[in-house]
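S.K.: Sequence and predicted structure, then a few things I'm wondering about:
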Amino acid sequence: MKHNNMLAMILAGGRGSRLHELTNKVAKPAVSYGGKYKIVDFPLSNCANSGIDVVGVLTQYESIQLNSYVAAGRRWGLDAKESGVYVLPPREKADADLNVYRGTADAISQNIDFVDTFSPEYLLILSGDHIYKMNYAKMLEYHKNCGADATIAVIEVPMKEASRFGIMNTDETGRIVEFEEKPEKPKSNLASMGIYIFDWKLLRRMLTADMKDPNSSHDFGKDIIPALIADGKNVFAFKFKGYWKDVGTVDSLWEANMDLLDKNNELDLNDASWKIYTEDATTLPQYIGPDAEIDKAFINQGCMIEGAVKNSVLFTGAKVGPGAKIIDSVLMNGVEVEEGAVVQRALVADGVRIGRGAVVGSPDSEHIELVAKRVKGVE
């Protein structure tokens, strides 16, 4: 079932500075997850599975790798004649020497002509850096049934965490009466997931006005959505039930990987009815040595394990030497842990080598240790 009347735009331009060295050279949506995926695989696969066949991906920082990855739309079945994934970098200079989007709404404003080419009835706007599975066709159905001008996907968060999010206050019909960006004293626990459906004609008019407003931050959360609510437009909250993770910090990226070890994990990457498509890595199968000890682990192809792995996630091609111990940790692609080394409560970045006998991380640390460069061992 194709939704030619709805076009999707994925905002994939975040700098991802809280992921520190992981995003020095790659855009946040291109960061690896779960062994063989990239974060951007999730919104793209959701689009393909929801019958949306035209997707614009808006990129900016460190986007070379992301652009070439996304441009191969066939991975997600989005390369037929009538469909495709389009990479859209910023065109206007926001300041003297940088082409960047000034805000989430500006990213769409700069691409109005792209959207107009397809003359959609509805525009779906997505964040490129969340891990979740969602049927956008169901959200569109809800949007139409409510007679909404705009629909915002929300998820219930613990009340004590609500002040970290954009919070929607709704009436009993689900209509949003107030949108509060990171309120100190939240009145509800309905957090915006950064997933919006707009009637395109209405949004187009609002973006055109917003571009001319010198006092605007050109942002959906700060400007466009509050203006719609203030104008008395029908803005509705679509309640999402299921797994959703914003992987903006080292701790949350580690947690999202660790969630894969939970047999009750709602994400279920093996679900054949809602596949998450990704690049197929051509590597050898995993090798588990005769003296290896494995207790609750998620191990991808190409891994070689001769030591002990406990409650950990190993991405493609990770190597664990004899006598080495990996505990409560995530080893990203191609990590090498040499003989006798110990890695605990850590996230080790792509290609890092941890030398013989080295000790990284600590079992009782409050935060997860990010290891992004070579650790020398005992010479």
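M.R.: That came in fine, so what should we check first?
S.K.: top strand in this structure by residue count?
M.R.: strand 190-199 (DSSP state E).
S.K.: by contact count, what packs against that one?
M.R.: strand 122-127, strand 130-132, helix 136-146, strand 150-156, strand 166-170 (3 or more Cβ pairs under 8 Å, 6 or more residues apart in numbering; DSSP states H and E). For the C-beta atoms, the positions are set from N, CA and C on the backbone; glycine is no exception.
S.K.: Output that strand as PDB, restricted to C-alpha atoms.
M.R.: The C-alpha trace of strand 190-199 is given here as PDB (Å, rounded to 0.1, in the frame of the first residue of the first chain):
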ATOM      1  CA  LEU A 190       3.500  13.100  27.000                       C
ATOM      2  CA  ALA A 191       6.900  13.800  25.300                       C
ATOM      3  CA  SER A 192       7.200  14.800  21.700                       C
ATOM      4  CA  MET A 193       9.100  12.200  19.600                       C
ATOM      5  CA  GLY A 194      10.100  14.700  17.000                       C
ATOM      6  CA  ILE A 195       7.700  13.000  14.500                       C
ATOM      7  CA  TYR A 196       5.100  15.300  12.900                       C
ATOM      8  CA  ILE A 197       2.500  15.100  10.100                       C
ATOM      9  CA  PHE A 198       1.300  18.400   8.600                       C
ATOM     10  CA  ASP A 199      -1.100  19.300   5.900                       C
END
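S.K.: continuing past it, what's the next helix or strand?
M.R.: helix 200-211 (DSSP states H and E).
S.K.: between that following helix and strand 190-199, how big is the angle?
M.R.: 110 degrees (axes from the mean of the first three to the mean of the last three Cα atoms, to 10 degrees).
S.K.: Which helix or strand lies directly C-terminal to helix 200-211?
M.R.: Beyond helix 200-211 in the direction of the C-terminus, DSSP H and E gives the next helix or strand as helix 225-230.
S.K.: Helix or strand next in line after that following helix, which one?
M.R.: Counting by DSSP H and E, what follows helix 225-230 is strand 235-239.
S.K.: Tell me which of the helices and strands packed on strand 190-199 lies nearest to S365.
M.R.: Taking Cβ to Cβ, strand 130-132 is the member of the helices and strands packed on strand 190-199 nearest to S365, at 23.7 Å.
S.K.: mean confidence for that closest one?
M.R.: Regarding strand 130-132, the rounded mean pLDDT is 93.
S.K.: same thing with stretch 196-208?
M.R.: So the average pLDDT for stretch 196-208 ends up being 94.
S.K.: Can you give me the buried ones in that stretch?
M.R.: For stretch 196-208, the neighbour count (16 or more other Cβ atoms under 10 Å) marks 196-200, 203-204, 206-207 as buried.
S.K.: So for Y243, which of the helices and strands packed on strand 190-199 sits nearest?
M.R.: Of all those, it is strand 130-132 that lies closest to Y243, at 5.8 Å by Cβ to Cβ.
S.K.: For that closest one, which outside residues touch it?
M.R.: Contacting residues not belonging to strand 130-132 are listed as 33, 39, 42-43, 46, 193-194, 240, 242-247, 256, 267 [Cβ atoms under 8 Å, 6 or more residues apart in numbering].
S.K.: So which of those residues are in strands?
M.R.: 33, 193-194, 244-246.
S.K.: Are any of the residues you listed buried, and if so which?
M.R.: Of the ones in strands among the contacts of strand 130-132, these count as buried by 16+ other Cβ under 10 Å: 33, 193-194, 244-246.
S.K.: Would you convert the ones in strands among the contacts of strand 130-132 into JSON lines that also reports distance to H143?
M.R.: Output for those, formatted as JSON lines (distance: Cβ to Cβ, whole Å):
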{"residue": "Y33", "distance to H143": "29"}
{"residue": "M193", "distance to H143": "15"}
{"residue": "G194", "distance to H143": "16"}
{"residue": "W244", "distance to H143": "19"}
{"residue": "K245", "distance to H143": "24"}
{"residue": "D246", "distance to H143": "23"}
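S.K.: about what we covered before: what's the closest of the buried residues of stretch 196-208 to A105?
M.R.: L207 (6.2 Å).
S.K.: quick one: contacts for that closest one?
M.R.: If you count contacts by Cβ under 8 Å, 6+ apart, then L207 has 105, 108-109, 112, 224 around it.
S.K.: can we see that at 7 Å?
M.R.: By Cβ atoms under 7 Å, 6 or more residues apart in numbering, the residues touching L207 are 105, 108-109, 112.
S.K.: can you tell me how far it sits from A227?
M.R.: 11 Å (Cβ to Cβ, to the nearest Å).
S.K.: repeat for S329
M.R.: 46 Å.
S.K.: before we move on, what about F42?
M.R.: The spacing between F42 and A227, counted by Cβ to Cβ, is 30 Å.
S.K.: Mind checking which of the two has more residues around it?
M.R.: With neighbours defined as other Cβ atoms under 10 Å, F42 and A227 compare such that F42 has more, 28 against 15.
S.K.: how about the nearest residue to the more buried one, chain neighbours excluded?
M.R.: Nearest residue to F42, sequence neighbours excluded (Cβ to Cβ, 6 or more residues apart in numbering): I131, at 5.4 Å.
S.K.: next one: I294
M.R.: The shortest distance from I294 to any residue other than its chain neighbours is 5.1 Å, reached at V309 (Cβ to Cβ, 6+ apart).
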